[in-house]
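*Asks:* please find the sequence and the predicted model below.
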Amino acid sequence: MSFAHPWSAEEIAALLAAPSTLAVAALDPTNGRLRGFLIARVAADEAEILTLAVESQARRKGAGKALLREILRQAANAGARTMFLEVGADNASAIALYSQFDFVKVGQRAGYYRREGAPATAVVMRRDLA
(Lines give C-alpha, C1' and ligand atoms only; values in the text may rest on other atoms or scores of the structure.)
Protein backbone atom coordinates (compact mmCIF):
# COMPACT_ATOMS: atom_id res chain seq x y z
CA MET A 1 0.00 0.00 0.00
CA SER A 2 3.05 2.28 0.26
CA PHE A 3 3.63 2.39 -3.50
CA ALA A 4 1.67 3.40 -6.57
CA HIS A 5 3.28 0.46 -8.42
CA PRO A 6 4.30 -2.11 -5.78
CA TRP A 7 6.77 -4.92 -6.27
CA SER A 8 5.07 -8.26 -6.89
CA ALA A 9 5.36 -11.14 -4.44
CA GLU A 10 7.44 -12.98 -7.04
CA GLU A 11 9.86 -10.05 -7.38
CA ILE A 12 10.26 -9.80 -3.61
CA ALA A 13 10.82 -13.57 -3.33
CA ALA A 14 13.48 -13.48 -6.06
CA LEU A 15 15.25 -10.59 -4.34
CA LEU A 16 15.19 -12.33 -0.98
CA ALA A 17 16.64 -15.50 -2.52
CA ALA A 18 19.67 -13.66 -3.98
CA PRO A 19 22.84 -13.91 -1.88
CA SER A 20 23.60 -10.21 -2.45
CA THR A 21 20.32 -9.11 -0.86
CA LEU A 22 20.01 -7.70 2.64
CA ALA A 23 16.57 -7.38 4.22
CA VAL A 24 15.14 -6.27 7.55
CA ALA A 25 11.61 -6.20 8.89
CA ALA A 26 9.80 -4.19 11.55
CA LEU A 27 7.35 -6.40 13.42
CA ASP A 28 4.67 -5.37 15.87
CA PRO A 29 5.93 -6.61 19.27
CA THR A 30 2.42 -7.49 20.46
CA ASN A 31 1.31 -9.70 17.57
CA GLY A 32 4.29 -10.18 15.24
CA ARG A 33 2.52 -8.46 12.36
CA LEU A 34 4.73 -6.92 9.67
CA ARG A 35 4.77 -3.12 10.04
CA GLY A 36 7.56 -2.32 7.60
CA PHE A 37 10.54 -3.65 5.70
CA LEU A 38 13.67 -2.55 3.89
CA ILE A 39 15.46 -4.42 1.11
CA ALA A 40 18.95 -3.55 -0.11
CA ARG A 41 21.55 -5.15 -2.32
CA VAL A 42 25.34 -5.25 -2.04
CA ALA A 43 27.64 -5.37 -5.07
CA ALA A 44 31.39 -5.22 -4.43
CA ASP A 45 31.92 -2.27 -2.08
CA GLU A 46 28.64 -0.51 -2.86
CA ALA A 47 25.14 -1.07 -1.55
CA GLU A 48 21.79 0.24 -2.72
CA ILE A 49 18.48 0.53 -0.92
CA LEU A 50 15.92 -0.96 -3.27
CA THR A 51 12.76 -0.39 -1.28
CA LEU A 52 11.62 0.82 2.12
CA ALA A 53 8.04 0.68 3.29
CA VAL A 54 6.36 1.33 6.62
CA GLU A 55 2.62 0.91 6.99
CA SER A 56 0.82 4.23 7.39
CA GLN A 57 -0.23 3.81 11.07
CA ALA A 58 3.36 2.90 12.06
CA ARG A 59 4.98 5.93 10.42
CA ARG A 60 6.75 8.60 12.47
CA LYS A 61 7.15 6.16 15.35
CA GLY A 62 10.75 5.10 14.72
CA ALA A 63 10.26 2.04 12.51
CA GLY A 64 11.84 3.64 9.44
CA LYS A 65 14.82 4.84 11.48
CA ALA A 66 15.31 1.40 13.01
CA LEU A 67 15.13 -0.30 9.61
CA LEU A 68 17.57 2.16 8.09
CA ARG A 69 20.01 1.94 11.01
CA GLU A 70 20.04 -1.87 10.79
CA ILE A 71 20.49 -2.06 7.02
CA LEU A 72 23.39 0.42 7.17
CA ARG A 73 25.03 -1.81 9.80
CA GLN A 74 24.45 -4.96 7.75
CA ALA A 75 25.77 -3.35 4.56
CA ALA A 76 28.93 -2.15 6.28
CA ASN A 77 29.44 -5.63 7.77
CA ALA A 78 29.04 -7.09 4.27
CA GLY A 79 31.92 -4.91 3.03
CA ALA A 80 30.03 -2.03 1.46
CA ARG A 81 31.73 1.34 1.79
CA THR A 82 28.96 3.40 0.19
CA MET A 83 25.14 3.23 0.19
CA PHE A 84 22.96 4.68 -2.58
CA LEU A 85 19.22 5.10 -2.98
CA GLU A 86 16.60 6.77 -5.13
CA VAL A 87 13.65 8.59 -3.60
CA GLY A 88 10.81 10.57 -5.15
CA ALA A 89 11.69 14.27 -5.28
CA ASP A 90 8.19 14.94 -3.92
CA ASN A 91 8.67 12.64 -0.90
CA ALA A 92 9.81 15.25 1.63
CA SER A 93 9.41 12.99 4.67
CA ALA A 94 11.62 10.26 3.18
CA ILE A 95 14.24 12.78 2.08
CA ALA A 96 14.24 14.22 5.61
CA LEU A 97 14.70 10.72 7.08
CA TYR A 98 17.61 9.93 4.78
CA SER A 99 19.18 13.32 5.47
CA GLN A 100 19.11 12.53 9.22
CA PHE A 101 21.33 9.55 8.37
CA ASP A 102 23.82 11.72 6.43
CA PHE A 103 22.63 10.83 2.94
CA VAL A 104 23.30 13.67 0.49
CA LYS A 105 21.85 14.35 -2.92
CA VAL A 106 24.26 13.39 -5.69
CA GLY A 107 21.94 13.54 -8.70
CA GLN A 108 18.45 13.09 -10.02
CA ARG A 109 16.61 11.04 -12.64
CA ALA A 110 13.79 12.79 -14.43
CA GLY A 111 10.75 10.60 -15.12
CA TYR A 112 12.14 7.72 -13.04
CA TYR A 113 8.93 6.83 -11.20
CA ARG A 114 5.68 5.93 -12.93
CA ARG A 115 2.86 7.96 -11.47
CA GLU A 116 -0.68 8.68 -12.55
CA GLY A 117 -0.39 11.77 -14.67
CA ALA A 118 3.22 12.78 -15.22
CA PRO A 119 6.21 10.59 -14.29
CA ALA A 120 8.06 11.76 -11.17
CA THR A 121 11.70 12.67 -10.68
CA ALA A 122 13.92 10.58 -8.42
CA VAL A 123 16.58 12.14 -6.23
CA VAL A 124 19.72 10.00 -6.04
CA MET A 125 21.30 10.05 -2.58
CA ARG A 126 24.57 8.66 -1.25
CA ARG A 127 26.14 7.99 2.15
CA ASP A 128 29.59 6.75 3.10
CA LEU A 129 29.58 3.73 5.39
CA ALA A 130 33.27 3.77 6.38
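*Replies:* Great, that's in hand.
*Asks:* what's the pLDDT at the nearest residue to A78 once chain neighbours are set aside?
*Replies:* Leaving aside its sequence neighbours, A78 sits nearest to V42 (CB to CB, 6 or more residues apart in numbering; 4.8 Å). In this view, the C-beta of every residue, glycine as well, is placed from N, C-alpha and C. In this model, V42 is scored at 97, pLDDT.
*Asks:* neighbours around V42, how many?
*Replies:* Applying other CB atoms under 10 Å, we find 20 other residues in the vicinity of V42.
*Asks:* what strand or helix carries it?
*Replies:* strand 34-43 (DSSP states H and E).
*Asks:* okay, now the sheet partners of that strand, with direction.
*Replies:* strand 21-27 (antiparallel), strand 46-54 (antiparallel) (DSSP bridges).
*Asks:* that older thread, next one: the residue nearest to A78 relative to R126, how far apart?
*Replies:* 15 Å (CB to CB, to the nearest Å).
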